[in-house]
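Enquirer: got a predicted model here, sequence first, then my questions.
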Amino acid sequence: MQRLNILIWHIHGSYLTALSQIEHNWYVPIKPDRPEGYGGRGENSTMPAYVREVPAEQVRELDLDLVIFQTPKNYFQDQYEILSPQQRRLAKIYLEHNTPRPYPANTKHYIDDEQVLLVHVTHYNRLMWDNGRTPALVIEHSVGIDPRISYNGERAEGITVINEIQRRGRIAGYDLFLQAREKVPLTIAGMKSEALGGLGDIHYSQLHRRVAEYRFLFSPMRYTSLPLAVIEAMMIGMPVVALATTELPAVLQNGVHGFISCNIDELIEQMRVLLADQELARRLGANARALAHERFGIERFGRDWNSAFARALGSTQG
């Protein structure tokens, strides 16, 4: 399709890194203190040069084709602060990263507008949100990581990758991480993880090289869309141990790509198996890599997003 001029706020850096692999002119607004959504490309960004920072007060001067929202603040506040009236009439997409809260099945989505295209990142999310009259579709994840990175697994230790797991509590499986760590060697990476004796916040460009050293990835998330850390681990050929919740049972096959269960004791036993059998870990990791490249590859991701852009533009023009 033709190259588009798209405005998007920086909300989830890893997702934006993947999305920016699609060759359009991406504009990310910035403000001096870099508040939420206005961080631009981010520090030491690996995004392509066609992802451009633009001061928030200059957004009104852009010749845009489409606007992507990702938070209620983007939609209900930011657009009225930085977009011109004409820009607010452009094609709109609301990218919903999260599962519904507080109620899994009875929460109405914030957006109720037939002129907005609502994009969910998993089929579970689309199923559980009450989308109302807003047209909704699913574009499954991809990740924009260095394809040269490959699983090593030499370190007989598992790793969890979650930002601020303490603050996120039971939803992120903080209690399960602590429980597992008492039984098997297990560390954690992510924002504020150093308080738990973990690796801290590792820049995205270096994260997966560090993760690749560990024997398996453990995802204790109870309620989430589909952890990008899981897809990233699979992409580099790493086996995954995870709770069988939300979208994950539709992705991972137990004993094929790793181990998946709602029984934490069973998962801890499978962690011990992987720690004792590096060859098994490598075989499961190879299976995970093959699945990830087929299902979550950047080419499929780009086709799906370009189709969504065409649909959003078509509904506006129509």
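Expert: Yep, that arrived.

Enquirer: so what's Val119 closest to, chain neighbours aside?
Expert: Leu95 (5.0 Å; C-beta to C-beta, 6 or more residues apart in numbering). All C-beta spots, glycine's among them, are computed from the backbone N, C-alpha and C.

Enquirer: over to Gly198?
Expert: Nearest to Gly198 is Ile188, by C-beta to C-beta, 6+ apart, at 3.8 Å.

Enquirer: tell me the helix or strand right after the helix or strand hosting that neighbour.
Expert: Counting by DSSP states H and E, the element that carries Ile188 is strand 186-189. Downstream of strand 186-189, the first helix or strand assigned by DSSP H and E is helix 204-211.

Enquirer: OK, contacts around the most centrally placed residue in the chain?
Expert: The residue lying closest to the centre of the chain (C-alpha atoms, centre = their mean) is Leu228, at 4.3 Å. Applying C-beta atoms under 8 Å, 6 or more residues apart in numbering, we find Leu228 in contact with 14-15, 141, 143.

Enquirer: need the pLDDT of it.
Expert: We note a pLDDT of 92 for Leu228 in this prediction.

Enquirer: buried residues in stretch 201-213?
Expert: Across stretch 201-213, burial judged by 16 or more other C-beta atoms under 10 Å covers 202, 204, 207-209, 211-212.

Enquirer: got those as TSV, with pLDDT columns?
Expert: Below are those laid out as TSV (pLDDT from 0 to 100):
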residue	pLDDT
Ile202	94
Tyr204	87
Leu207	94
His208	95
Arg209	95
Val211	97
Ala212	97
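
Enquirer: between all of the residues you listed, which two are separated the most?
Expert: Farthest-apart pair in the buried residues of stretch 201-213 is Tyr204 and Ala212; separation 14.0 Å (C-beta to C-beta).

Enquirer: rewinding a little: how much space between the residue nearest to the centre of the chain and Phe301?
Expert: Per C-beta to C-beta, to the nearest Å, Leu228 is found 12 Å from Phe301.

Enquirer: Arg155 now?
Expert: Arg155 is 30 Å from Phe301, by C-beta to C-beta.

Enquirer: and what of Glu140?
Expert: Between Glu140 and Phe301 the distance is 8 Å, computed by C-beta to C-beta.

Enquirer: so Leu7 sits in a strand?
Expert: Yes: assignment of Leu7 by DSSP: H, G, I helix; E, B strand; the rest coil places it within a strand.

Enquirer: give me the number of residues near it?
Expert: Number of residues near Leu7 (other C-beta atoms under 10 Å) recorded here: 24.

Enquirer: surely it and His24 touch.
Expert: No: contact between Leu7 and His24 fails when scored by C-beta atoms under 8 Å: they sit 10.9 Å apart.
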